[in-house]
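Undergrad: All I have is the shape, not the residue letters:
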């Protein structure tokens, strides 16, 4: 069987590995020249409840991408405001590591191949049209295109194109496959009802920081710098995708993390104000990112799906990552992508698909986020293992733990040990 994945971010990479482990011929179509998408500026895993989810994935037999992040970590067990035991992977090393690993597993990668349309018959996708006019047939399709862009949405709902890592001007806009199939996408909302949300961080060139700050980052992985009182803006916290960072500490301090570059934990910050802070007098953003002006706008294209990750309305289309819900983070993308890839092959074989039980953190967040979005029509709440609403739920349900033995026992007792790696 031939599984086609549209989008090569963390969710797409996870779906590809999962489907390949089940014996499928797997093709990934990515519109840019890089895998991982926003993962190339991310860099954080294992913080708070993401540790639990990462170990659940490993116990279930699909922790390959987690292991690659661990192997390419710049720092481990880092604590910063509101977050414990984080691993910071090096964003400058992770993409080639993932690319080479996928190739080694026999996954076919197609770069600078933007999907522009679909052929649908009787609620089934028969094939895809690429931007160059090529037609590609497949049996099962998985959309992991995310919810960011195209440029027009960043202009309409943000502060204009910020020249983000997705590089719409160079490689063309993201195309929603579900919308191309005639389905109506859900758009995430901010607290005030405006659509979309700003990505949560931007990148500073590390060598433009003072020697003292550089040393602190390299030794500890984190640096906090006080913001002048006149520049503190707590209202800005509400516009971020990542509500686990909507804490006063992130409004009152410049929080820097060492992820290869210096990760600035705010959606954007005017350069002239940034340079007022001691140690940042000569700082600049990584080109060509416009972090002094704005950031990418996300959550503008979410599919209606079932808890097996299959899209409602199209028989052979599955989704993962931000396309599958109001999820925040790479770990969340890897989890949903893994399940989508696994069930895509199960569906093609005519076998029973897997719905992860809510006694697992991964199964619970997939089910809970879907219930809130579809049944309660809640398009404002966002879900991440790392904080905010869902971490509180994890703690209440006693799902959050960093005890590996406890997590392994949980997975074994549910009969899910190595479920994703067994054929």
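TA: Arrived safely, thanks for sending. Not measured: the values here are computed from a predicted model. Numbers count the residues shown, from 1 in each chain.

Undergrad: pLDDT at residue 422, what is it?
TA: Model confidence at residue 422, expressed as pLDDT, equals 82.

Undergrad: Residue 29 too?
TA: 98.

Undergrad: Does it fall in a helix, a strand, or a coil region?
TA: What DSSP: H, G, I helix; E, B strand; the rest coil gives for residue 29 is strand.

Undergrad: so what's it bridging to?
TA: Beta bridges link residue 29 to residue 6, residue 110 when assigned by DSSP bridges.

Undergrad: Counting neighbours, what do you get for it?
TA: 23 (other CB atoms under 10 Å). (Glycine included, C-beta is placed from N, CA and C.)

Undergrad: hey, where'd the helices end up in the stretch 301-423 of the chain?
TA: Secondary structure of the stretch 301-423 of the chain by DSSP state H, counting those that start in this stretch: the helices cover 330-349, 361-370, 388-396, 404-413.

Undergrad: I'd like to check the angle between the shortest one and helix 361-370, please.
TA: If I follow you right, that is helix 388-396. With axes from the mean of the first three to the mean of the last three CA atoms, to 10 degrees as the basis, helix 388-396 and helix 361-370 are set at 130 degrees to each other.

Undergrad: sorry, back to before: minimum distance to residue 254: which of the helices of the stretch 301-423 of the chain has it?
TA: Taking CB to CB as the criterion, helix 388-396 is the member of these that comes nearest to residue 254, at 21.5 Å.

Undergrad: coming back round to it: buried deepest among the helices of the stretch 301-423 of the chain, which one?
TA: Across those, the average number of neighbours (mean count of other CB atoms under 10 Å) peaks for helix 330-349, which reaches a mean of 28.

Undergrad: follow-up on the earlier one: I'd like the helices of the stretch 301-423 of the chain as CSV, with distance to residue 284 appended.
TA: Output for those, formatted as CSV (distance: least, CB to CB, whole Å):
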stretch, distance to residue 284
helix 330-349, 26
helix 361-370, 37
helix 388-396, 31
helix 404-413, 41
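
Undergrad: Please convert those helices to TSV, extending it with distance to residue 264 and mean pLDDT.
TA: Below are the helices of the stretch 301-423 of the chain laid out as TSV (distance: least, CB to CB, whole Å; pLDDT from 0 to 100):
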stretch	distance to residue 264	mean pLDDT
helix 330-349	18	98
helix 361-370	27	98
helix 388-396	20	96
helix 404-413	32	98
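
Undergrad: domains of this structure?
TA: The chain breaks down by automatic domain parsing into domains covering 2-194+297-413, 197-274.

Undergrad: rank those domains by pLDDT, which is bottom?
TA: Averaging pLDDT over each of the domains of the chain singles out domain 197-274 as the lowest, with a mean of 90.

Undergrad: Return the distance of it from the chain's centre.
TA: 20 Å (CA atoms, centre = their mean, to the nearest Å).

Undergrad: Can you check the distance spanned by it, start to finish?
TA: Using CA to CA, to the nearest Å, the end-to-end distance of domain 197-274 comes out at 22 Å.

Undergrad: and what of stretch 365-378?
TA: Taking CA to CA, the first and last residues of stretch 365-378 lie 15 Å apart.

Undergrad: one step back: right, so the domains of the chain: which one is the most enclosed?
TA: When neighbours are counted by mean count of other CB under 10 Å, the highest per-stretch mean among the domains of the chain falls to domain 2-194+297-413, a mean of 21.

Undergrad: Setting aside sequence neighbours, what's the nearest residue to residue 283?
TA: Distances taken as CB to CB, 6 or more residues apart in numbering place residue 208 nearest to residue 283, at 4.8 Å, with adjacent residues excluded.

Undergrad: let me fix that: residue 20
TA: Counting by CB to CB, 6+ apart, the nearest residue to residue 20 once its immediate chain neighbours are dropped is residue 26, at 4.8 Å.
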